Each structure stands twice: as structure tokens, then as C-alpha cells.
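# Okay, sequence plus prediction incoming.
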Amino acid sequence: RTIREYLRAELGIAVVAGIVVAATITRAQPPVVGPLRVALVQGNDKNRDLTETEMKADYLPASHFELARQITDPVDLIVFPESSMNTFTDSDPRADLYIRRHLTALARRHQAWVLANATVAAPPDGEKLLNLDVLFGPDGEVQGTYEKRHLVPFGESVPFRAALEHVIGSALAQVPRDFVHGPARGIFTVAGVKIGTLICFESAFGYQVRPLVRNGAQVIMLSTNNR
């Protein structure tokens, strides 16, 4: 090889090394904000779709409430997984008396915030759905909600549904109702700490996470499916 080729190679290595060193020196260090005690309630005892009988019996929320009763240590935040509050009628945790009574009691018993997720009917007519996080405060009152913004294509919404019905027809029955995109990012304050919330599929996309941190989130909390 010629001297010029060696110089080019060495220059390339020097540039790469310089970028690595500069990135290391200028890397932002997250500030220490103090402890946040979190209890994660994850069911996962059935790796299958529930039967209609199980859904009508409120199996999912009931099983998660049973697990939550085993929490004994002091905690600041109790997190239920995605879909953990689903019932046969897509009940909203803010309005369903059975679910809200248990979530409220749990929050008050532990003097902790409680983050619960459910699939609920979207207003105004309920023809579409929302993938919804609901945050309850230690007093049992709703402190805020977050609606999933980045939906799963052909899992939570079907692009060009009307056109595809003529092509794949019955296959669309697996996604009978589309979900609605949420309008805003989810940032809550829990025990003095700002947390940013994401739901399942959204965690794969940096553009969903970075704005949460820029807007002050000190912890990123991900709700994902209990299966």
C-alpha cells in the first residue's frame, strides 16, 4: 500500500476515536432524584386467550387484585401490566365500580400511586377502542390518563381496512375494531418524581421516548401485556 493509503486509514481511525471521546465527554448524566419504590404486578398464569366465561367472571382484574394483596413492603407506585383490567365489556377503570373500588382501596391501603391499564371503548359511540393507562393517587382519585399513541399495525389498527376487506376478508376478523391514537404524551408526577409512560409496542421507537425525557421524565415506565 502507498503512504497516502496508510495516512487515510490512520486519519479515519483518528476521526472515529475523536467522535467516541467527544461523545463520552459530552454525554449527559442523569441527575439522582432519590428513590422510587415500585411494585410490579405481573399475572402471566395463562398463556392463551381467555374463554368467554373467564372474561365474564372478570378473571384478569380479579387475578391481578389477588396478586396485589401479597404486597407487604412500603411502596410509592404499584404498576399493573397492559390489559390487566380488561373485562368482557371493555370497562373503563375510571367508571367500572368493581375495578375502581379495588384500585381505590389498594391505593389508600398502601398510600401509593397505582397505574392500571385496560382496553376501553372510545367516545363518543364506542365503535373504536383505546389502550388506556389510568393513574390513581394515594387518595384513590384519578390523577391522569395516557392513551397509547403508536398503535400496532394489523394488531390494533388496520390501515386501508375498507379496501383490504375485499382482498383478505375474513382475516380481518382477528382485528374487528380499530384503536384510536392518543392525543398527547404521558408524564405524571409520582411521589415527587416525574415518570413518563409508554405502552408495549411504543418502547421500540426512540422518538416516543426522547421527548418524555426532554419534558422532564426521570423514570420511564412501560406497561406491557401480561401474556
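Structure's in. What do you need?

# what element comes up after the helix or strand of the chain with the lowest mean pLDDT heading to the C-terminus?
Sorting the helices and strands of the chain by mean pLDDT, DSSP states H and E puts helix 161-164 at the bottom, at a mean of 74. Counting by DSSP states H and E, the element after helix 161-164 in chain order, helix or strand, is strand 186-190.

# which residues sit against the top helix by length along the chain?
Longest helix in the chain by number of residues (criterion: DSSP state H): helix 3-26. Helix 3-26 is contacted by no other residue when judged by C-beta atoms under 8 Å, 6 or more residues apart in numbering. The C-beta positions use only the backbone N, C-alpha and C, and glycine is treated the same way.

# Could you pull up the residues touching the residue nearest to the spatial centre of the chain?
Centroid-nearest residue in the chain, with C-alpha atoms, centre = their mean: Ile199, separated by 2.2 Å. Residues in contact with Ile199, defined by C-beta under 8 Å, 6+ apart, are Glu82, Asn117, Asn131, Asp133, Tyr146, Lys148, Leu222, Ser223, Thr224.

# same check, this time on Val180
Val180 makes contact with Ala122, Lys128, Leu129, Leu130, Glu147, according to C-beta under 8 Å, 6+ apart.

# Can you say which of those are buried?
Neighbour counting by 16 or more other C-beta atoms under 10 Å classes Ala122, Leu129, Leu130, Glu147 among those as buried.

# where in this protein is pLDDT low?
For the chain, applying pLDDT under 70 flags the ranges 1-2, 26-31, 44, 166, 169, 226-227.

# Can you show me the helices along it?
Counting by DSSP H, the helices of the chain are 3-26, 52-56, 59-68, 97-110, 161-164, 206-214.

# And those: which comes nearest Asp76?
Nearest to Asp76 among these is helix 97-110; the distance by C-beta to C-beta comes to 8.9 Å.

# Tell me what Phe157 is bridged to.
Wrong residue type there; residue 157 is Ser, not Phe. Assessed by DSSP bridges, Ser157 has beta-bridge partners Pro153.

# re the thing from before, which two of the buried ones among the contacts of Val180 lie the greatest distance from each other?
The farthest-apart pair in the buried ones among the contacts of Val180, when distances are taken by C-beta to C-beta, is Leu129 and Glu147, at 10.2 Å.

# Just name the closest of the buried ones among the contacts of Val180 to Arg37, please.
Here the nearest of the buried ones among the contacts of Val180 to Arg37, counting by C-beta to C-beta, is Glu147; it sits at 26.9 Å.

# Alright, calling it a day.
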